[in-house]
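Undergrad: Model the structure of this input:
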Amino acid sequence: MTPDPVCPVAARHTGQDLIKWIALVTMVLDHMRLAWPATSGLFVLGRLSFPLFCLAVAINVSRNPQGELFTRSNGRYLALLLLFAALSEVPYRLAGSSETFNVLVTLALGLMVAWGVQHRTLESLLVAGAAMVAGYVLSEPLMYGFYGVLLPAALVLAIKRPERFLVIPVALCVLINTRTDLFERAAQLEPFAILALLTAALAPLLGLALFRARLPFKVWPVTQWSYWFYPGHLLALSGIRQLL
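TA: Take a look at the predicted model:
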């Protein structure tokens, strides 16, 4: 869902592709409850998905030469996220989710905030500021809210200086769940809620470990087909939901 904007074969990173695969698989497992309520326990694994998609965005942003915001690849990256956010909204509603916009809207705003952290030019800071204002104003209908908009930028910082900034994305990955009842249930020592919050907290640690590891195997690249996968899997689940 967040392939590299420009990704020649020689530049592929196995860890990054594995991060994207885990994000895609856990997203589908999480969304299965829309068609099969009996699979709601997979919600715990679903707490990995959004943080790992944000990490994929952060990795791409961190590879940008600093100060070079207005490039063709950056424009194309944002345009694809916005295009597929629009294309995915109807499948998202058909799948049974109507309380928020689909996740690509949050990722697009998060990308713009991450640009501000990476480039630190006047233009990038203005773009990031506008995205943060939009994220704050639209926090209620945004999936994962304002904290979700901040997460890619926090992960850019963690990639650059993990010893100083790693705690920030860990905290944000927990805070993006504040609009659920997980905190109340965890306070009552409910194992499911505690496990879900722990999984969310561990998501950026897992992702960054995979990104930095030298993996002894190859991974099928996650390229632009993943943009189509997002609305496609929602349409498939909505069709199954109707049949059942």
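
Undergrad: All the helices of the protein, residue numbers only.
TA: 14-31, 43-46, 49-62, 72-94, 103-119, 122-137, 145-160, 162-165, 167-175, 182-187, 191-212, 225-243 (DSSP state H).

Undergrad: Out of these, the one nearest residue 218 is which?
TA: Taking CB to CB, helix 14-31 is the member of the helices of the chain nearest to residue 218, at 6.3 Å. (C-beta placed from N, C-alpha, C; glycine too.)

Undergrad: Show me which positions of that closest one end up buried.
TA: For helix 14-31, a neighbour-count test (16 or more other CB atoms under 10 Å) marks 14-24, 26-31 as buried.

Undergrad: so how many other residues sit close to residue 234?
TA: 24 (other CB atoms under 10 Å).

Undergrad: go on, the one 4 residues further on?
TA: By the measure other CB under 10 Å, the count of residues near residue 238 is 20.

Undergrad: excluding its backbone neighbours, what's nearest it?
TA: Once flanking residues are discounted, residue 238 sits nearest to residue 94: 3.9 Å by CB to CB, 6 or more residues apart in numbering.

Undergrad: residue contacts, the one you found?
TA: Residues near residue 94 by CB atoms under 8 Å, 6 or more residues apart in numbering: 234, 235, 238.

Undergrad: now, which of the residues you listed sits nearest residue 202?
TA: For those, the nearest to residue 202 is residue 234 (26.5 Å; CB to CB).

Undergrad: And that closest one, what's its pLDDT?
TA: Per-residue pLDDT puts residue 234 at 95.

Undergrad: Quick check: the closest residue to it other than its chain neighbours vs residue 84, distance?
TA: Among residues not flanking residue 234 along the chain, residue 91 sits closest, at 3.8 Å (CB to CB, 6+ apart). As judged by CB to CB, to the nearest Å, residue 91 and residue 84 stand 10 Å apart.

Undergrad: So for these two, which sits in the more crowded spot?
TA: Using other CB under 10 Å, the more surrounded residue of residue 91 and residue 84 is residue 84, with 22 against 19.
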